[in-house]
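[1] Provided below are the primary sequence and the corresponding predicted coordinates.
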Amino acid sequence: MKPRIRILSTGGTLGMLPGEPGTLAPSAVSDNVLQYMRGLEAEVELSAEGLWNLDSSDMGPEHWTRLAEAIAARLDDVDGLVVLHGTDTMAWTAAALSFALRGLPKAVVLTGAQRPIAWVRTDARNNVVHSALCAGMAIPEVTVFFGRWLFRGNRVTKTSIQSYEAFESPNCPPILEMGVEVQAGEVPRAAQGPFVVDARFDSRVAVLPVVPGSDGATLDQAVAAGMRGVVVQGFGAGNMPQRGWPQAIARATNAGVAVVVHSQCLRGHVQLGSYEGGRAALDAGGMSAAWMTLEAATVKLMHGLGRGLEGAALAEFYTTDLVGEGA
């Protein structure tokens, strides 16, 4: 019996066409994606529907919530789901869905394209075909398929606007490589438990890079602007200037604002005890992003705050690896 796969379209480059004055814009193509998938019906029982049609740069926490609820409502009727999504914020949405759909019993695969599916030279058909095949496999978690790789959804980041292999998973190997043969990677399974849908996110979170010579004033400004959480991108393993930044972190945490320390490096992980600046940030109340991507680290903070967590409860939640995100 062929697996039943449902495609949910949210828009993105895959379904775009040139508009005026030549920029790509959402079109009705994404609502008719099945016409470009001829032959796939031999492998899977395929259906599709459009949820909305947006450039992914316009998607945010409210869409993550609606998407999580749409996925949960359709799980009983299918063997797997494919979500068509713009590439610019796909890693953000994948991370959000991984936290919102804990204990997911079936595969949910996000994919998109660098070029529209209606164009002759496009990567879209390859990505959709392989995503549908992956969605029929027993991989019950949120993933991203792009190019030839199936990645854990909360471990990917977009690294190229030019390549057809636009996504990487810097600190976690791919789950599958879809080459001439399908090759499985050595990826530990995410923690399993009862299926729970909790798609609450607080958008009042900022991301601030540490700039050489800066003193943390931007963190004070973020607190004054009403942010409830801030992700500070330090240097290397989470290091930062000892003058200004640790003091600003202490002021933020004393004001009830959660602070996470991330790294400006793509690979490796945050170790706040490695250098004096990082140790000072930790002593001031900063939480380590550990192995998490910037997207996962930020979205997890938004999720914890959206659940109403604060103080020690938020710190315990944040530093616990929930769905293989690498905390």
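    Nice, thanks for sending it over.
[2] got the domain boundaries for the chain?
    Using automatic domain parsing, the domains assigned to the chain come out as 4-197, 205-318.
[3] now the last one: how far from the chain's centre is it?
    Between the centre of domain 205-318 and the centre of its host chain there is 19 Å, according to CA atoms, centre = their mean, to the nearest Å.
[4] Skipping adjacent residues, who's closest to A166 in space?
    S160 (4.6 Å; CB to CB, 6 or more residues apart in numbering). (Each C-beta comes from the backbone N, C-alpha and C, glycine too.)
[5] That neighbour: neighbouring residues, count only.
    Counted with other CB atoms under 10 Å, residues neighbouring S160 total 13.
[6] Could you measure from it over to G112?
    Distance check for S160 against G112: by CB to CB, to the nearest Å, it reads 13 Å.
[7] What of V129?
    For V129, the distance to G112 - CB to CB - is 14 Å.
[8] same question, A100
    19 Å.
[9] Quick one: the helices in the stretch 151-300 of the chain, in order.
    Here the stretch 151-300 of the chain has its helices, by DSSP state H, counting those that start in this stretch, at 217-224, 245-254, 276-283, 294-306.
[10] deepest of these, which one?
    Stretch with highest mean neighbour count among the helices of the stretch 151-300 of the chain: helix 294-306 (a mean of 26; mean count of other CB atoms under 10 Å).
[11] quick one: contacts of it?
    Residues from elsewhere that reach helix 294-306 (CB atoms under 8 Å, 6 or more residues apart in numbering): 61, 91-92, 94-96, 98-100, 154-157, 198, 200-205, 207, 228-229, 231, 233, 258, 260, 262, 289, 292, 314, 317-318, 322, 325-327.
[12] try stretch 81-89
    Residues outside stretch 81-89 that contact it (CB under 8 Å, 6+ apart): 5-15, 30, 33, 54-57, 59, 67, 71, 74-75, 93, 106-114, 128, 131-132, 135, 146, 158, 166-167.
[13] okay, the residue of the chain most remote from its centre: pLDDT?
    Here the chain reaches farthest from its C-alpha mean at R243, the gap being 33.1 Å by CA atoms, centre = their mean. R243 is assigned a predicted lDDT (pLDDT) of 92.
[14] Would you pull up how far stretch 101-121 lies from the middle of the chain?
    13 Å.
[15] quick one: the residue farthest from the centre of the chain and D215 touch, right?
    Yes. Between R243 and D215 a contact is recorded at 6.5 Å, counting by CB atoms under 8 Å.
[16] looking at the chain, which helix or strand is least sure?
    Every helix and strand in the chain was compared by mean pLDDT, DSSP states H and E; the lowest is strand 24-26, with a mean of 60.
[17] can you tell me the average pLDDT over whichever helix or strand comes after it?
    Where DSSP states H and E defines the elements, the next helix or strand beyond strand 24-26 is strand 45-50. Mean pLDDT, computed over strand 45-50, is 90.
[18] what's the offset of strand 45-50 from the middle of its chain?
    23 Å.
[19] strand partners of that strand, parallel vs antiparallel please.
    If you go by DSSP bridges, strand 45-50 pairs up with strand 4-9 (parallel).
[20] which other residues reach the strand it pairs with?
    By CB under 8 Å, 6+ apart, the residues outside strand 4-9 that reach it are 15, 30-31, 33-34, 44-51, 53, 67, 70-71, 74, 77-84, 128, 132, 135-136.
[21] Provide a PyMOL selection command restricted to the buried entries of these.
    In PyMOL syntax, the buried subset of the contacts of strand 4-9 is picked out as below (16 or more other CB atoms under 10 Å):
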select buried, resi 15+30+33+44+46+48+50+51+53+67+71+78+79+80+81+82+83+84+128+132+135+136
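[22] circling back: phi, psi of the residue farthest from the centre of the chain?
    phi -100, psi 110 (degrees, to the nearest 10).
[23] Could you pull up the contacting residues of it?
    Counted by CB under 8 Å, 6+ apart, R243 has contacts D215.
[24] Equivalent analysis for the one 3 residues further on, please.
    Neighbour list for P246: 216, 240, 277, 280-281, 283-284 [criterion: CB under 8 Å, 6+ apart].
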